[in-house]
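In: Need a 3D model of the sequence below.
(one chain, ligands or ions: 2)
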Amino acid sequence: MTGSPDSQPKAYDRTTITLHWATAILVAIEFLIGRTTNLLPRGPLRVDIWSLHVLLGFALATVVVVGMLWRNTRGRRLPPFNRGGLHVAAVATHRLLDLLLLIMVALGIANVFAHGFPLFNIWHFAKFGGNDFMRSVNAWHGLIANIIIVVALFHSAAALFHHHVIKDGVLRRIWPA
Ligand code: HEM
Ligand code: HEM
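Out: Ligands and ions are numbered 1, 2, ... in the order given. Reported below is the predicted structural model:
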């Protein structure tokens, strides 16, 4: 473990922290909605909940893109927390999460058009492709959703391990203090 020298900031800037937790919360809500809504009987309530999923999905797409632009431009960069293999594993996990999030929102938006989605039964998006295309996009969207949750759980477990077992300051770097 290296941590930050005393002269350097010990936490990310407020915008990075806000965008990180907005991403995490939106992913969790999206997964919950995605894996439970079809348990409801068909009808207007089910369409409304899927519509919420789509609206939050567009919000997530914005947060993901703004978050990546921010981190790569004005966001605060902190020195690596780990050395050697642990550092490589941490960076690889973060970049994998970034990649999965981009694929997820792209497949989500594709899913909206593959369904010709009826937003709150008020606004129908244009429909592209047939039912096979829709089933295939939806299946990939569902599969990547499962993968992103597994990787995010691994990432969270690593952060909690640092905090509770190693007792270093890595969680405080991203915690909204
Ligand atoms: C879907 C949920 C989540 C996603 C997609 C996610 C994604 C990310 C990404 C991409 C980074 C890297 C930021 C950078 O490179 O500057 C990061 C950093 C971090 N995340 Fe998460 N995260 C999630 C949930 C969580 C949770 C639940 C925790 C804590 C329990 C957590 C703790 C951290 C910490 C401590 C860092 C900073 C690591 C460092 O400074 O090296 N994350 N997260
Ligand atoms: C990390 C974020 C997301 C997660 C975890 C997630 C999860 C899911 C899951 C598990 C399903 C069900 C798949 C199945 O039936 O096998 C689903 C369906 C769907 N998702 Fe997402 N999703 C996310 C983001 C998005 C985004 C960004 C959009 C669009 C803006 C979107 C639009 C849709 C649509 C249109 C459906 C199909 C709804 C229907 O069957 O009527 N999702 N999502």
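
In: okay, now residue 60: neighbour count?
Out: 22 (other CB atoms under 10 Å). Heads up, the C-betas are built off the backbone N, CA and C, glycines and all.

In: Repeat that for residue 41.
Out: For residue 41, using other CB under 10 Å, the count is 7.

In: Please report how far it lies from residue 47.
Out: The spacing between residue 41 and residue 47, counted by CB to CB, to the nearest Å, is 12 Å.

In: what sits up against stretch 112-127?
Out: Residues from elsewhere that reach stretch 112-127, judged by CB atoms under 8 Å, 6 or more residues apart in numbering: 44, 47-48, 50-51, 54-55, 57, 111, 128-129, 133-134, 137-138.

In: same deal with stretch 86-98?
Out: So stretch 86-98 is in contact with 68, 80-82, 148, 151-152, 154-155, 158, going by CB under 8 Å, 6+ apart.

In: What average pLDDT does it get?
Out: Throughout stretch 86-98, pLDDT has a mean value of 95.

In: Same question for stretch 116-135.
Out: For stretch 116-135, mean pLDDT rounds to 98.

In: Stretch 23-35 now?
Out: Mean predicted lDDT for stretch 23-35 stands at 98.

In: Buried residues, that stretch. List them.
Out: In terms of neighbour count (16 or more other CB atoms under 10 Å), stretch 23-35 has its buried residues at 23, 26-27, 30-31, 33-34.

In: Kindly report the same for stretch 105-114.
Out: 105, 107-114.

In: Adding distance to ligand 1 and secondary structure as columns, could you present the buried residues of stretch 23-35 in a markdown table?
Out: Below are these laid out as a markdown table (distance: CB to the nearest ligand atom, whole Å; DSSP: H, G, I helix; E, B strand; the rest coil):
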| residue | distance to ligand 1 | secondary structure |
| --- | --- | --- |
| 23 | 5 | helix |
| 26 | 8 | helix |
| 27 | 4 | helix |
| 30 | 9 | helix |
| 31 | 9 | helix |
| 33 | 14 | helix |
| 34 | 13 | helix |
